[in-house]
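K.L.:
Give the three-dimensional model of this entry:
(one chain, ligands or ions: 3)
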Amino acid sequence: MIIAGGKVYTPAGLSEVDVHVNEGRIQSLEPWAEPSARPELVDARGLWVLPGAIDAHVHGRDPGFPEKEDFGSLTAAAVAGGVTTVLDMPNTLPGVAGAEILEAKRREIAPKAMADHGLWALLRSSSTAEQVRELGEAGAIGFKAYLGYTVQRSTGQVLYTPGGMDPDLEPPASYGTVARLAQELAETGVPVAAHAEDPSVLLSSTGRIETYADLLASRPAAGEAVAVAAMGALARSLGLRVHIVHLSSRMGLEAALAERAAGAPLTLETCPQYLWLTEADYARLGPVMKMYPLIKTVEDREALRAALLRGDIDSVGTDHAPHTDEEKLRHPLGEAHAGSPGVQTLLLSCLELARQAGDPLAAVPWVAEHPARIFGLYPRKGTIQPGSDADLVLVDPNQRTVVKAESMASRQRNGVLEGQEFAFAIRAVYLRGEPPAPGRGQFLRPA
Ligand code: NCD
Ligand code: ZN
Ligand code: ZN
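P.N.:
Ligands and ions are numbered 1, 2, ... in the order given. Below is the predicted model of the structure:
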């Protein structure tokens with residue numbers, strides 16, 4: 001196959017080359033040839049050819065919660081949005097805290113997968129050194145510590161509560177868990193990620209949550225700053241590579257940058273929702289906007305945007321976390337489930353944000369090269385160069401897209417970017433040189 005006549009993304013800018021693909025890989029980039037009617041030619045004239053996007057933070061809900069999502073609907077949404085690689089979070093059922101659970105999940109999702117996929121492992125407070133080693137050998141893409149979440153011992157289900165007296169509820173993986181297992185975690189070579197909201201800060205506030213202001217008071221930015229600083233200190237003292245996911249606040253960002261300046265090996269992810277929205281949008285969006293960490297103030301949004309544009313934040317993932325309508329709309333607001341879908345709008349929302357800042361192509365590394373490097377997938381993924389997988393997205397820079405629930409492939413159709421307009425459209429997607437289809441997605445191990 002030859003993708004001919006398009007403008008192909010390279011780190012130096014758009015390049016007027018044809019992409020020659022052989023056996024799922026990029027074989028060569030050749031100067032534009034004369035257009036012809038050869039059947040193996042894909043006519044990409046007028047289009048941009050970008051590397052398939054990587055969403056390193058999705059909750060595919062499979063196995064365990066098919067009413068929210070499964071790997072088929074997850075990856076259908078992903079590829080519709082130009083995301084050809086997803087890294088799936090471990091709070092499925094049971095939580096992915098052992099190699100045999102990872103292997104079972106891998107088998108379960110394989111026939112449904114339309115996108116290539118890596119799997120996150122779960123750190124529990126009861127995790128052992130052996131489990132960490134075995135998960136590393138099984139190909140876990142990273143280890144996730146859900147600070148502030150518990151695990152139900154009897155089922156292995158991750159719960160959205162920071163603790164309790166019930167003996168069936170295991171205390172959350174803590175800073176101490178990370179310290180205790182630091183050596184084995186470091187030896188796996190993959191990053192440790194933290195849901196960075198300090199459990200004791202969260203527990204300090206109780207009371208009925210009716211309004212978005214109540215919610216904000218119950219989960220302040222200080223909780224993020226405390227957790228980020230603690231994870232940074234651990235990374236620095238224990239020689240651990242730590243990835244902070246879904247950074248949502250200026251205070252959290254400042255804590256991360258201070259730790260990094262002091263030498264901590266930290267990488268940082270934020271999400272489109274924290275770059276596009278603020279608390280003021282609650283009046284328009286309602287409880288669909290409830291997610292942890294919370295969408296915060298305009299100052300937080302501006303600080304995150306500026307940090308991303310100047311290169312202080314490495315990557316953008318979506319924290320795609322669908323729930324059923326009934327779960328999202330529970331009353332009072334404190335009872336509604338936290339999380340919303342987003343994988344389908346990752347690439348276009350990032351291109352649009354970067355376009356508004358002056359250069360749309362500045363967004364490509366946020367969703368391609370940088371996550372590929374963080375997770376040991378580069379240069380197989382995240383770049384268009386000879387030898388890389390032919391994961392390619394054809395983007396039309398002259399056609400607009402408006403986000404509409406009815407066009408979403410995720411089971412929860414209504415996301416927080418509903419109604420937003422992007423100055424781009426996705427015209428075609430290739431996964432290793434072919435159109436994505438169920439069962440074509442492959443399991444990815446970090447190199
Ligand atoms: C996520 C989920 O529903 O799994 N929810 C959320 O609000 N972000 C969990 C998480 O990422 O913390
Ligand atoms: Zn989280
Ligand atoms: Zn998440």
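K.L.:
and D300, what helix or strand is that in?
P.N.:
Assigned by DSSP states H and E, D300 belongs to helix 298-309.
K.L.:
which of the residues in that helix are buried?
P.N.:
300-301, 303-305, 307-309 (16 or more other Cβ atoms under 10 Å). All C-beta atoms are positioned from the backbone trio N, CA, C, and that covers glycine.
K.L.:
right, and the helix or strand after it?
P.N.:
With elements assigned by DSSP H and E, the helix or strand that comes after helix 298-309 is strand 315-316.
K.L.:
near ligand 1, anything from the helix or strand following that next one?
P.N.:
Going down the chain from strand 315-316, the next helix or strand is helix 325-328, by DSSP H and E. No. Applying Cβ under 6 Å from any ligand atom, one finds helix 325-328 out of contact with ligand 1, separated by at least 9.5 Å.
K.L.:
residues near L119, how many?
P.N.:
Per other Cβ atoms under 10 Å, the neighbour tally for L119 reads 27.
K.L.:
Which strand residues bridge it?
P.N.:
Beta-bridge partners recorded for L119 (DSSP bridges): D88.
K.L.:
who's in contact with it?
P.N.:
By Cβ atoms under 8 Å, 6 or more residues apart in numbering, the contact list for L119 reads 87-88, 90, 96, 102, 105-106, 139-141, 443.
K.L.:
can you put the residues you listed in JSON lines and add distance to ligand 1?
P.N.:
Listed next are the contacts of L119 as JSON lines, based on distance: Cβ to the nearest ligand atom, whole Å:
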{"residue": "L87", "distance to ligand 1": "13"}
{"residue": "D88", "distance to ligand 1": "11"}
{"residue": "P90", "distance to ligand 1": "10"}
{"residue": "V96", "distance to ligand 1": "13"}
{"residue": "L102", "distance to ligand 1": "17"}
{"residue": "K105", "distance to ligand 1": "15"}
{"residue": "R106", "distance to ligand 1": "19"}
{"residue": "G139", "distance to ligand 1": "22"}
{"residue": "A140", "distance to ligand 1": "17"}
{"residue": "I141", "distance to ligand 1": "15"}
{"residue": "F443", "distance to ligand 1": "21"}
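K.L.:
which two in those are spaced the farthest apart?
P.N.:
Spanning the widest gap among these are P90 and F443, at 14.5 Å by Cβ to Cβ.
K.L.:
Out of the contacts of L119, list just those in strands.
P.N.:
87-88 (DSSP state E).
K.L.:
can you list the weak-confidence ranges in the chain?
P.N.:
Residues of the chain meeting the criterion pLDDT under 70: 35, 163.
K.L.:
any idea which residue sits dead centre in it?
P.N.:
Residue closest to the mean C-alpha point of the chain, counted by Cα atoms, centre = their mean, is H57 at 2.2 Å.
K.L.:
Could I have the CA atoms of stretch 318-338 written out in CSV?
P.N.:
Presented in CSV, the C-alpha positions along stretch 318-338 are these (Å, rounded to 0.1, in the frame of the first residue of the first chain):
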residue,chain,number,x,y,z
THR,A,318,-8.2,11.2,28.2
ASP,A,319,-8.9,9.2,31.4
HIS,A,320,-11.8,7.8,29.3
ALA,A,321,-14.1,6.5,32.0
PRO,A,322,-17.6,5.7,30.9
HIS,A,323,-20.5,4.9,33.2
THR,A,324,-24.2,4.2,32.6
ASP,A,325,-26.6,7.2,32.5
GLU,A,326,-28.2,5.9,35.7
GLU,A,327,-24.9,5.9,37.5
LYS,A,328,-24.0,9.4,36.2
LEU,A,329,-27.3,10.9,37.2
ARG,A,330,-27.6,9.5,40.8
HIS,A,331,-28.7,12.0,43.5
PRO,A,332,-27.3,13.8,45.4
LEU,A,333,-24.2,14.7,43.3
GLY,A,334,-22.0,13.0,45.9
GLU,A,335,-23.5,9.6,44.8
ALA,A,336,-23.0,10.0,41.0
HIS,A,337,-20.2,8.0,39.6
ALA,A,338,-17.0,9.9,38.7
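K.L.:
mind listing what's buried in that stretch?
P.N.:
In stretch 318-338, counting by 16+ other Cβ under 10 Å, buried: 318-323, 327-328, 333, 336-338.
K.L.:
repeat for stretch 338-356
P.N.:
So, applying 16+ other Cβ under 10 Å, buried residues of stretch 338-356: 338-355.
K.L.:
Any part of that stretch near ligand 1?
P.N.:
Yes. Against ligand 1, stretch 338-356 shows contacts by Cβ under 6 Å from any ligand atom at 338-339.
K.L.:
picking up where we left off before, greatest separation within the buried residues of stretch 318-338: which pair is it?
P.N.:
Largest separation among these by Cβ to Cβ: T318 and L333, giving 22.4 Å.
K.L.:
Leaving out the residues flanking it, which one is nearest to V190?
P.N.:
Take V190 and drop its neighbours on the chain: the residue closest to it by Cβ to Cβ, 6 or more residues apart in numbering is G142, 4.8 Å away.
K.L.:
Bridged to that neighbour, which residues?
P.N.:
Residues in beta-bridge contact with G142 (DSSP bridges): W120.
K.L.:
doesn't P90 make contact with it?
P.N.:
No. Counting by Cβ atoms under 8 Å, P90 is not a contact partner of G142; they are 9.3 Å apart.
K.L.:
Now for these two: what residues contact both?
P.N.:
120-121.
K.L.:
still on that earlier bit, how many other residues sit next to the residue nearest to V190?
P.N.:
Neighbours of G142 (other Cβ under 10 Å): 26.
K.L.:
Just give me the longest helix of this protein.
P.N.:
helix 221-238 (DSSP state H).
K.L.:
That helix and ligand 1 in contact?
P.N.:
No. Taking Cβ under 6 Å from any ligand atom as the criterion, helix 221-238 and ligand 1 are apart, separated by no less than 11.9 Å.
K.L.:
helices or strands up against that helix?
P.N.:
helix 175-180, helix 182-188, helix 199-203, strand 242-247, helix 250-261, strand 266-270 (3 or more Cβ pairs under 8 Å, 6 or more residues apart in numbering; DSSP states H and E).
K.L.:
rerun at 7 Å
P.N.:
helix 175-180, helix 199-203, strand 242-247, helix 250-261 (3 or more Cβ pairs under 7 Å, 6 or more residues apart in numbering; DSSP states H and E).
K.L.:
Enumerate every residue touching the closest residue to I109 other than its chain neighbours.
P.N.:
Of all residues not flanking I109 in the chain, F71 sits nearest, at 3.8 Å (Cβ to Cβ, 6+ apart). By Cβ atoms under 7 Å, 6 or more residues apart in numbering, the residues touching F71 are 60, 62, 109, 112-113.
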